[in-house]
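A.B. asks: my questions are about this predicted structure, shown below with the sequence.
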Amino acid sequence: MKRFLKKLSIFFKSKYIFSLPQNIELIVFDDTSFHELENIIKKFNYFIIQNRLSNFNKIYLTPKIIFGMLKNYKGNLFNSYIETLIRIVNPKVVFTFIDNSYKFSEIARILHKKIKFVALQNGARYEVLENKFILEKKLTEKNLNKNFFIPYFMCFGNSEIKDYKKNNIKVKKFIKVGCLRLENFLKSEKEIKKNKLKKKYDICLLSEVGAWDKNLNSEKLKSKFALLAKYCIKFSIKFNKKFILVFKRPIGNEGYDEEQNLYKKFLTINEYKYIKKRSKFKNKKEKFGTYRIMRQSRAVVGTMSTLLRENIAIGGKTLACNITGNEIYNFPVRGKFFIKCKTYDEFEKNTLKLLSFSDKKYQKYVNRKTLISNFNTSEIVKKELKNLINS
């Protein structure tokens, strides 16, 4: 009922527009994280389609759209609206930064023979392995991986190509472009001359609460992610190391209470006080705050965050530590510091060894290009989009 009322409120709160732009060559599908794309698409004649109730504030309404929606209706009014809008605007390319959007894949499946659909990878995609796992464990009757349909996939590197092919994700063409967010950070660092940040922390733990599929949201799994925090706390106190935890959810945002409650439940009172005194919340005003903390840390620890890969790509030291007992959360490449950890002693041994290595020595043990293939992502994406528009 709440969801229905929320949808209904959109019709009253939205601005109605009774015309559509002409000569559009590029549609941006979903305006989430649009600011990350601005440098790429600013020279294209583009049009944005909002795809989330939380962002929706415009409704395009013309006789063509109304008749088109009736013609294209297949049981979902919103899908029919988006499909009709794309058909009428008729761009050369539909481009999204939300590569794991099922709605994007659904519309692409319908229109890909007439229009090119391109997805740029936004983050690490463990859901491909999660979808396979929950199907095998009969936690769902549907193979959600079959819902993915990405004609042109601009991905981080070889790791995604291997995973997607192995799991039969339908992709017409892979294009290795690297990570756009990482490139945007590196450009900002260059502009403000902060390439050489001093090391302030020994251990930076990335909180990953809620990053897993909701079908796997068990108390056991939650406790394992809290256990990694316990290991970091114990290690930092024992060896007198400077520790910082970067929370996943900003204060007041959806998921904030869930994240805090998890740590309160599975940590002792003293452990929770310890991390609260040594933590950082993400802040929308501080665009690259987590990246800068990584730069200021001698070692970054986590399980599945995209930031673990990005830290390696920019020359930092990462300890990817899977203590969940589930193989799907193994780091995508093998290496000395990508471990399936069962005990604190194992964690301590590997962390001490990691901290004893210089950044340069550490890099000998990893293949950065398998994870993040390029650092000139925006230029590659712009070139590929131009080629697709002109072909």
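C.D. replies: Everything's here; your move. Numbers count the residues shown, from 1 in each chain.
A.B. asks: show me what the strand or helix carrying residue 132 is packed against.
C.D. replies: Following DSSP states H and E, one finds residue 132 within helix 127-136. Identification of packing neighbours for helix 127-136 by 3 or more CB pairs under 8 Å, 6 or more residues apart in numbering; DSSP states H and E yields helix 158-166. (C-beta placed from N, C-alpha, C; glycine too.)
A.B. asks: what's the helix it packs on packed up against?
C.D. replies: Contact here means 3+ CB pairs under 8 Å, 6+ apart; on that basis helix 158-166 packs against helix 127-136, strand 149-155, strand 170-176, helix 368-371.
A.B. asks: quick check: pLDDT value at the residue nearest to residue 21 when sequence neighbours are not counted.
C.D. replies: Nearest residue to residue 21 in three dimensions, chain neighbours excluded: residue 47, at 5.5 Å (CB to CB, 6 or more residues apart in numbering). At residue 47 the predicted local confidence, pLDDT, stands at 94.
A.B. asks: ramachandran angles for residue 47?
C.D. replies: Here is the backbone geometry of residue 47 (degrees, to the nearest 10): phi -140, psi 140.
A.B. asks: wait, what's in contact with it?
C.D. replies: The contact partners of residue 47, taken as CB atoms under 8 Å, 6 or more residues apart in numbering, are 21, 24, 26-28, 89, 91.
A.B. asks: which of the residues you listed sit farthest apart?
C.D. replies: Greatest spacing in the contacts of residue 47, by CB to CB: 21 and 28 (12.5 Å).
A.B. asks: more crowded one of the two?
C.D. replies: The neighbour count for residue 21 versus residue 28, taken as other CB atoms under 10 Å, is higher for residue 28 (22 against 11).
A.B. asks: A helix includes that one, no?
C.D. replies: No. When classified by DSSP: H, G, I helix; E, B strand; the rest coil, residue 28 is found to be strand rather than part of a helix.
A.B. asks: that one against residue 48, yeah?
C.D. replies: Yes. With contact defined as CB atoms under 8 Å, residue 28 and residue 48 form a contacting pair (4.7 Å).
A.B. asks: need the overlap of contacts for these two.
C.D. replies: residue 34.
A.B. asks: tell me the pLDDT at the residue in the chain sticking out farthest from the centre?
C.D. replies: The C-alpha centroid of the chain is most remote from residue 63, which lies 37.8 Å away (CA atoms, centre = their mean). According to the per-residue confidence, residue 63 scores 94 in pLDDT.
A.B. asks: against residue 91, how distant is it?
C.D. replies: Plainly put, residue 63 is 21 Å away from residue 91 if you go by CB to CB, to the nearest Å.
A.B. asks: next one: residue 205
C.D. replies: Computed with CB to CB, the distance linking residue 205 and residue 91 is 43 Å.
A.B. asks: I figured residue 172 hits residue 152, correct?
C.D. replies: Yes. Contact between residue 172 and residue 152 holds when scored by CB under 8 Å: they sit 6.4 Å apart.
A.B. asks: of those two, who's got more company?
C.D. replies: When residue 172 and residue 152 are compared on other CB under 10 Å, the one with more neighbours turns out to be residue 152, at 21 against 13.
A.B. asks: can you tell me the closest non-neighbouring residue to the more buried one?
C.D. replies: residue 118 (4.3 Å).
A.B. asks: now name the helix or strand holding residue 309.
C.D. replies: When the helices and strands are read off by DSSP H and E, the one containing residue 309 is helix 306-313.
A.B. asks: counting contacts, what elements does the next helix or strand after that helix pack onto?
C.D. replies: Following helix 306-313 in sequence order, the next helix or strand is strand 318-322 (DSSP H and E). When contacts are defined as 3+ CB pairs under 8 Å, 6+ apart, strand 318-322 packs onto strand 297-302, helix 306-313, strand 338-340, helix 344-356.
A.B. asks: give me the low-pLDDT residue ranges for the stretch 201-350 of the chain?
C.D. replies: 284 (pLDDT under 70).
A.B. asks: which stretches of it form helices?
C.D. replies: Residue ranges of the helices in the stretch 201-350 of the chain, as given by DSSP state H, counting those that start in this stretch, are 219-238, 256-266, 269-277, 289-295, 306-313, 344-356.
A.B. asks: excluding residues flanking it in the chain, which one is nearest the residue nearest the centre of the chain?
C.D. replies: Among the residues of the chain, the smallest C-alpha distance to the mean C-alpha position (CA atoms, centre = their mean) belongs to residue 123, namely 2.8 Å. Closest residue to residue 123 apart from its sequence neighbours, by CB to CB, 6+ apart: residue 306 at 4.5 Å.
A.B. asks: how about residue 83?
C.D. replies: Setting aside the residues directly before and after it, residue 83 is nearest to residue 72 in space (CB to CB, 6+ apart), at 4.9 Å.
A.B. asks: ramachandran angles for the one you found?
C.D. replies: phi -90, psi 0.
A.B. asks: just to check, it is in contact with residue 84?
C.D. replies: Yes. Using CB under 8 Å, residue 72 is in contact with residue 84, at 5.3 Å.
A.B. asks: neighbour-wise, which of these two wins?
C.D. replies: More neighbours sit around residue 84 than around the other of residue 72 and residue 84, counting by other CB under 10 Å; the figures are 22 against 15.
A.B. asks: end to end, how far does stretch 325-340 reach?
C.D. replies: Between the opening and closing residues of stretch 325-340 lies a distance of 8 Å (CA to CA, to the nearest Å).
A.B. asks: equivalent analysis for stretch 241-257, please.
C.D. replies: As for stretch 241-257, its first-to-last residue distance stands at 28 Å under the measure CA to CA.
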